[in-house]
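> I'd like to go over a predicted model; first the sequence, then the structure.
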Amino acid sequence: MALNPSELAAATQAIRGHQRILVVPHANVDPDGLSSALACFELFTGLGKEVTVICPDTLPESLAFLPGFDKLEREIAEANNFIITVNLQEGVEIDKLRYTVEEQKVNIIVVPKRGKIRPSQISFGEGERKYDLVVVVDSADLALLGSLYSDHVDLFSEIPVLNVDHHISNTRFGQLQLIDATAASATEVLYGWFTHVTEWKSRITPDMATLLLTGLITDTRSFQNPNTTPRSLEIAAELLEKGARQQEIIQHIYKTKPLSTLKIWGRALNRIQVDRKAGIVWSSVSKEDLQEMDATSKETHGILDELISTLPEADVHVLFTEVEEGGLKASMRSSAAIDASRLAQETYGGGGHPRAAGFRVRSFDNFQLQVLDCVQKLKTGMEQQRKEVDLVTTEGTPQAVVQKPESPPPSAAASVDRQKAEAMQAVPVQEIDVVETMRSGEQASGQVDVVRGLAK
Ligand SMILES: [Mn+2]
């Protein structure tokens, strides 16, 4: 499934026709999401756009080598302008604009040079939004943006959204989509798009190539995962030709791990459990493990891949992690024989992809006992799926071979918007009086935009 030409044209048109672009990846951001967002930032900025790129989480320090990392912002700035318009009819000319600030009040004082301004000449309206287009990358659903979405639902419904993704489970949100479920990474989709547009193709700098290759390398786990296609390899080769710094990526992604991460991986690998008859391999990391190793639950990311490479013949691999906020998180991968997404759904109401899924258990008394309980339930579910396959005599329809880390659940991180709101209320107590003299020559012809910050 390649990108659809009319969707490509519409997406390109959307970039050309908008000026203030907001780019966002999913919460619990991974290297593909972040490098996709930064690649968009590079290209769109080069096209003369005002681009804001948001990292919805704590900045992952391990990705600080990504070009443009220092441009990442944490929060959506949503100051909506409010415009007060004075209609200059009947020969009214304006001399000065003043405003005074009192406690809880701003007075805007319009001083006419000629004529008299009447209340009927005043009108109000909302100004432009800070952004006029949102580009969401590597996210199957808007909910996966976490609080970035839930705190700004109106923004996402009022301005057009372009959805660039490679997840088969993409809900096709947004007015515009560029979705290719056969692409190994979101950066592969972006590469297809950027090279499709003649004027953009030559804009792929070594920095941008490095970003695009980062997503491709990490989402295919260095081209080891079955989602790797001939196309992915071709693109990787082209990106190297365009100056992508592959060694830099490998060095930072695979060879730099904090000691705590290595320790926690060691603990998990030490604790591998195998049920050969059932075809399931699992391991677990408890809260105590994390505390002891001074690690966070995020550092368990990657252990599952190690489980798979250690015992590839099993049908299901699961890693159970007891999470800081309470409960446990199970990440699961499966062979083509088992639908992991269905298994997660039917046992614990989880979800994901056919071959990579996950679920959560919110509360339990004892983590290790709960893990055993989960394994038992998963085994029953696997048995059930195998039975159904035996019953169906028709030739198997080809399984989707898109393997991806499970989509992260929306982050529960609280927004810090309130701080801003509080800061706004702390308007200076003393009076400010600002005067702007209108240059009469510009009034008639064009726009004058006078900006003064209200802050002290
Ligand atoms: Mn991805």
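Perfect, thanks for sending it.

> C-alpha only now, for contacts and for neighbours.
OK.

> Quickly find the element holding the residue lying closest to residue 111 once chain neighbours are set aside.
Spatial nearest neighbour of residue 111, excluding adjacent residues (C-alpha to C-alpha, 6 or more residues apart in numbering): residue 96 at 4.9 Å. Assigned by DSSP states H and E, residue 96 belongs to strand 93-102.

> List the buried residues in that strand.
By 16 or more other C-alpha atoms under 10 Å, the buried positions in strand 93-102 come out as 93-94, 96-97, 99, 101.

> and that strand, what other elements does it pack with?
strand 105-114, strand 432-437 (3 or more C-alpha pairs under 8 Å, 6 or more residues apart in numbering; DSSP states H and E).

> Worst mean pLDDT among those?
Set side by side, the helices and strands packed on strand 93-102 differ in mean pLDDT, and strand 432-437 is lowest with a mean of 58.

> Pull out the buried residues from the longest helix along the chain.
Ranked by residue count and defined by DSSP state H, the top helix of the chain is helix 367-391. Of all the residues in helix 367-391, those buried under the rule 16+ other C-alpha under 10 Å are 367, 370-371, 374-375, 377-379, 381-382, 385.

> so how far is stretch 196-204 from its chain's centroid?
24 Å (C-alpha atoms, centre = their mean, to the nearest Å).

> how about stretch 183-197 as CSV, C-alpha atoms only?
Taking C-alpha atoms only, stretch 183-197 is exported to CSV below (Å, rounded to 0.1, in the frame of the first residue of the first chain):
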residue,chain,number,x,y,z
ALA,A,183,6.0,1.5,5.9
ALA,A,184,8.3,0.4,8.6
SER,A,185,8.4,3.8,10.3
ALA,A,186,6.7,7.1,10.2
THR,A,187,10.0,8.5,8.8
GLU,A,188,9.6,6.1,5.9
VAL,A,189,6.2,7.7,5.1
LEU,A,190,7.8,11.1,5.4
TYR,A,191,10.6,10.2,3.1
GLY,A,192,8.1,9.0,0.5
TRP,A,193,6.3,12.3,0.8
PHE,A,194,9.3,14.6,0.8
THR,A,195,10.9,12.9,-2.2
HIS,A,196,7.6,13.0,-4.1
VAL,A,197,7.6,16.8,-4.2
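
> Any buried residues in that stretch, and which?
By neighbour count on 16+ other C-alpha under 10 Å, the buried set for stretch 183-197 is 183-194, 196.

> Same list (those) but as TSV, adding pLDDT, secondary structure and distance to residue 174.
Putting these into TSV (pLDDT from 0 to 100; DSSP: H, G, I helix; E, B strand; the rest coil; distance: C-alpha to C-alpha, whole Å) gives the following:
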residue	pLDDT	secondary structure	distance to residue 174
183	95	coil	20
184	94	coil	22
185	96	coil	20
186	97	helix	16
187	98	helix	19
188	97	helix	20
189	97	helix	17
190	98	helix	17
191	98	helix	21
192	97	helix	20
193	98	helix	18
194	97	helix	20
196	96	helix	22
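
> Within reach of the ion, which of those residues are there?
185-186 (C-alpha under 5 Å from the ion).
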